[in-house]
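Asker: kindly return the folded structure for what I paste below:
(one chain, ligands or ions: 1)
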Amino acid sequence: MMDIENDPVALLPPLRDVIAAHDLAARKSLGQNFLLDLNLTRKIARAAKPFAAPTVIEIGPGPGGLTRALLLEGAEKVIAVERDERCLAALQDLQQAAGKRLTLHPGDALETAPADLAPPPWAIVANLPYNIATPLILGWLLAPVPPRRITVLVQKEVAERLAAKPGSDAYGRLSVIAGWCAEVRMLFDIGPKAFVPAPKVTSTVVELVPRDKPLAEAETAKLERITAAAFGQRRKMLRAALKSLWPDAEAKLQSLGIEPTRRAETLSIEEFCALARLL
Ligand code: SAM
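Answerer: Below is the predicted model:
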């Protein structure tokens with residue numbers, strides 16, 4: 001790795017100048033809330049270290065604050081997927097400075113699997129567009145070959161739902177699926193003022209490390225059906241909430257030793273998997 005002072009990436013103009021030069025007014029429809037403080041983007045990049053794979057995939061580099069940080073923190077190879085052409089133009093100087101260590105991939109991250117970009121293994125590090133954070137994370141976790149580690153900035157509420165344990169208010173469908181396939185940890189919060197423009201909510205860096213195999217045996221589609229039915233009526237007892245799947249829901253629950261008067265938010269992931277196996 002090159003000394004940071006001598007790294008051409010460190011000598012690039014401040015991000016504010018890049019944004020001004022390219023007239024990068026943030027677009028809400030693209031979930032654009034930019035981080036301009038390199039100390040902060042480097043803190044996020046450091047949270048992903050040691051990088052879990054030589055190839056780091058970043059979704060939505062925007063003007064390049066986190067991309068610069070990943071390169072300065074020693075990522076061997078960064079592939080950045082961006083759909084806003086204005087951002088891609090603004091990233092050209094960074095591309096020049098980084099040379100072969102950076103590949104810019106124009107396109108929609110929802111339609112671009114990591115496997116389309118490079119052979120595995122991959123680490124994913126990103127300040128995600130909030131409007132598509134959940135489908136992106138689920139897509140990565142449920143892929144035949146998931147990334148080695150996902151370190152992403154999302155709305156705090158989404159991070160809480162991803163990491164929630166049974167019995168908590170945030171525990172729901174997303175917690176079950178995420179916890180089934182990965183170990184999830186909330187790392188640290190970032191307040192609205194750090195972003196341009198400032199969002200209304202606090203954000204959290206969350207880490208997901210996909211498990212070698214899911215926590216318990218179940219088919220994804222069946223687990224999704226069970227959790228949709230159970231949490232679709234989360235205030236109801238399970239014997240009522242699961243009636244749409246089984247007219248004899250009470251007997252099915254009893255056959256697994258699950259008290260039919262319990263509510264969805266009290267069930268462990270393993271218990272949801274056992275129900276999915278009965279479907
Ligand atoms: N990484 C930059 C930062 O931290 O300042 C920008 C983060 S901003 C929250 C989200 C970025 O994702 C924007 O640059 C936006 O253009 C990009 N984006 C939004 N939707 C996208 C999509 N479907 N595919 C790829 N990039 C997308």
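Asker: quick check: the residue of the protein nearest the ligand.
Answerer: Gly60 (2.0 Å; CB to the nearest ligand atom). Yep, even glycine has a C-beta here, placed from its N, CA and C like the rest.
Asker: excluding sequence neighbours, find me the nearest residue to that residue.
Answerer: Pro129 (5.3 Å; CB to CB, 6 or more residues apart in numbering).
Asker: neighbours of that neighbour, how many?
Answerer: 22 (other CB atoms under 10 Å).
Asker: dihedrals phi and psi, Ala274?
Answerer: Note on Ala274: backbone dihedrals following degrees, to the nearest 10 are phi -60, psi -40.
Asker: need the contact list for the residue of the chain closest to the ligand.
Answerer: The contact partners of Gly60, by CB atoms under 8 Å, 6 or more residues apart in numbering, come to Leu30, Gly31, Ala80, Val81, Glu82, Arg83, Ala109, Ala126, Asn127, Leu128, Pro129.
Asker: ok, now with 7 Å
Answerer: Counting by CB atoms under 7 Å, 6 or more residues apart in numbering, Gly60 makes contact with Glu82, Ala109, Ala126, Asn127, Leu128, Pro129.
Asker: out of these, which is nearest to Cys273?
Answerer: Nearest to Cys273 among those is Leu128, at 27.6 Å by CB to CB.
Asker: list the contacts for the residue sitting nearest the centre point of the chain?
Answerer: What sits nearest the mean C-alpha location of the chain, by CA atoms, centre = their mean, is Ile137, with 4.2 Å. Residues near Ile137 by CB under 7 Å, 6+ apart: Ile150, Leu208.
Asker: could you do Gly191 as well?
Answerer: By CB under 7 Å, 6+ apart, the neighbours of Gly191 are Thr202.
Asker: what does this structure put close to the ligand?
Answerer: 30-35, 59-62, 65-66, 81-84, 87, 108-110, 127, 129, 132 (CB under 6 Å from any ligand atom).
Asker: can I get the contacts of Gly60 in a markdown table with secondary structure, pLDDT and distance to Ala45?
Answerer: Below are those laid out as a markdown table (DSSP: H, G, I helix; E, B strand; the rest coil; pLDDT from 0 to 100; distance: CB to CB, whole Å):
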| residue | secondary structure | pLDDT | distance to Ala45 |
| --- | --- | --- | --- |
| Glu82 | strand | 98 | 17 |
| Ala109 | helix | 98 | 19 |
| Ala126 | strand | 98 | 11 |
| Asn127 | strand | 98 | 11 |
| Leu128 | coil | 98 | 15 |
| Pro129 | coil | 96 | 19 |
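Asker: between those residues, which is closest to Gly179?
Answerer: Leu128 (19.3 Å).
Asker: tell me the spacing between the closest one and Ile79.
Answerer: Relative to Ile79, Leu128 is positioned 16 Å away (CB to CB, to the nearest Å).
Asker: try Pro63
Answerer: Counting by CB to CB - Pro63 and Ile79 are separated by 17 Å.
Asker: now swap in Leu138 and tell me
Answerer: For Leu138, the distance to Ile79 - CB to CB - is 21 Å.
Asker: same check on Ala25?
Answerer: From Ala25 to Ile79 the distance is 26 Å (CB to CB).
Asker: just to revisit the earlier point, okay, Leu128 and Ile79: which has more neighbours?
Answerer: Shown here are Leu128 and Ile79; by other CB under 10 Å, Leu128 has more neighbours (24 against 19).
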